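Structure, please.
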Amino acid sequence: MASSSGTTADNTIVSLQRYPFARRSLEEKKRVKELGPDQPDLQIQLQTSDRGRAYTRGFSWGSYEKRSWLSGCTVSNSFYCFPCLLFQTTGTDNSVCMMVEQSHGESSSSQATKRRRTTSPQERQRIAEEVCDTILGHTKQRFSFTNHLVSATLLQSDKFAHYNKTFPEDALTSTVNAYPMLNGNKLKTELSLIYSKDEFKACCGAVDLFHLFMENNLGEVFSETVTLLKLIITTPMTTAEAERCFSTLKRIKTFLRNTMTQERLNALAVLLMEKGLVTEITDLNQKVIDKFAELKERRAKFMFK
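Model (predicted):
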């Protein structure tokens, strides 16, 4: 810890305010670190009162001993947080206590004041550029992986006739790179067969094509195509549906209703998520009542004497 009473040292409050720590060279930063916080003798006198008793508060060297991070300024008679001053953000006030003595004949007492700093237009522009660069960087990183979107073009039924003449080699390569678990040669053979058959051209979308394979027990024959269809169908375009599912679970499994089996939780979640389909079922309430009535009695029988 270093103590300095001048205003020309590198670790003084005035020097750090005029020439911020972040803009200094590595050697200058090491110099400030070696000097430590500037802790001069301050001429602070503050008249205060408590419960009708008036007394004077003044500067004490014990403040520096108890708080090694404390730094003082002889110009403004203020205490500052030295680490906060080094790593401050422009426009913030790091003074711990602003106690300026009101002398020069106006008054014999001193009062605490606050200092406010305004951010310059150049600093605002610099902060805005940093925020925009951060947003652009995260956006590019989020959407850098787009090869999986190309795989959907392989199973568009309206392009089967064109693919039958010219096989989409580039789309197949991108798909295999995006999903290494697929066998590229076998997938190419299956797709070539699909493109040449009129039965598959009548399907509208990946879901219809997947249902066609399942209804005709073609899952083992077109195993790679079925795997690709599952990936395409289950890959969400947005996370809104997943977020709604979590919100639904929060409404079902509350603090007061926390002891339920996984089977019951899944059933209640499906009923709430698919409430549109539930409302279309005729006589649902009556069927639930009849089902519950057919169950065995759960009430214990007590015998009274």
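
which residues of this protein fall in strands?
Per DSSP state E, the chain carries strands over the ranges 45-50, 53-58, 70-73, 78-81, 95-100, 111-112.

Partner strands of the first one, with direction?
Yep, that's strand 45-50 we're talking about. strand 53-58 (antiparallel) (DSSP bridges).

so what's the nearest residue to residue 224 once chain neighbours are set aside up against?
With Cβ to Cβ, 6 or more residues apart in numbering as the criterion, residue 224 has its nearest non-adjacent residue at 4.1 Å, and that residue is residue 187. All C-beta atoms are positioned from the backbone trio N, CA, C, and that covers glycine. Contacts for residue 187 (Cβ atoms under 8 Å, 6 or more residues apart in numbering) come out as 172, 175, 176, 224, 225, 228.

Which residue, other than its chain neighbours, is closest to the third one?
The one in question is residue 176. residue 184 (4.3 Å).

before we move on, what about residue 229?
What sits nearest to residue 229 in space, not counting adjacent residues and going by Cβ to Cβ, 6+ apart, is residue 210, at 4.4 Å.

The one you found contacts residue 227, doesn't it?
No: counting by Cβ atoms under 8 Å, residue 227 is not a contact partner of residue 210; they are 10.7 Å apart.

Look at those two and report which has more neighbours.
Counted by other Cβ atoms under 10 Å, residue 210 and residue 227 do not tie: residue 210 has more neighbours, with 20 against 16.

quick one, domains of the protein?
13-121, 147-234, 248-292 (automatic domain parsing).

Figure out which of the ones you listed is closest to residue 131.
domain 13-121 (12.9 Å; Cβ to Cβ).

related to what we said a few turns ago, any chance of the contacts of residue 187 in CSV with neighbour count as columns?
Output for the contacts of residue 187, formatted as CSV (neighbours: other Cβ atoms under 10 Å):
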residue, neighbour count
172, 18
175, 25
176, 20
224, 20
225, 25
228, 24
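
Show me those that map onto helices.
Of the positions in the contacts of residue 187, 172, 175, 176, 224, 225, 228 sit in helices, assigned by DSSP state H.

of all those residues, which two lie farthest apart?
Applying Cβ to Cβ across the ones in helices among the contacts of residue 187, the maximum distance is between 176 and 225, 13.1 Å.

Helices along the stretch 51-200 of the chain, start to end?
Along the stretch 51-200 of the chain, the stretches classed as helices by DSSP state H, counting those that start in this stretch are 62-66, 82-86, 121-142, 147-150, 160-165, 169-178, 184-196, 198-201.

Could you say which of the ones you listed is packed most deeply?
Using mean count of other Cβ atoms under 10 Å, the stretch among those with the largest mean neighbour count is helix 82-86, at a mean of 19.

Centre-most residue in the chain?
In the chain, the residue lying closest to the centroid (Cα atoms, centre = their mean) is residue 138, at 11.0 Å.

Model confidence for that one, exactly?
Confidence at residue 138, expressed as pLDDT, is 82.

so what's it up against?
Taking Cβ under 8 Å, 6+ apart as the definition, residue 138 has no contacts.

re earlier: ok, the residue nearest to residue 224 to residue 214 distance?
18 Å (Cβ to Cβ, to the nearest Å).

same check, this time on residue 225
Residue 225 is 12 Å from residue 214, by Cβ to Cβ.

Then residue 202?
Relative to residue 214, and taking Cβ to Cβ, residue 202 is found at 16 Å.

now swap in residue 162 and tell me
From residue 162 to residue 214 the distance is 26 Å (Cβ to Cβ).

again, but for residue 158
22 Å.

These two: which has the busier surroundings?
Taking other Cβ under 10 Å, residue 158 and residue 214 do not tie; residue 214 has more neighbours (12 against 8).

could you dump the helices of the stretch 51-200 of the chain to CSV with distance to residue 233?
CSV is the format used below for the helices of the stretch 51-200 of the chain (distance: least, Cβ to Cβ, whole Å):
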stretch, distance to residue 233
helix 62-66, 66
helix 82-86, 54
helix 121-142, 22
helix 147-150, 13
helix 160-165, 18
helix 169-178, 15
helix 184-196, 16
helix 198-201, 16
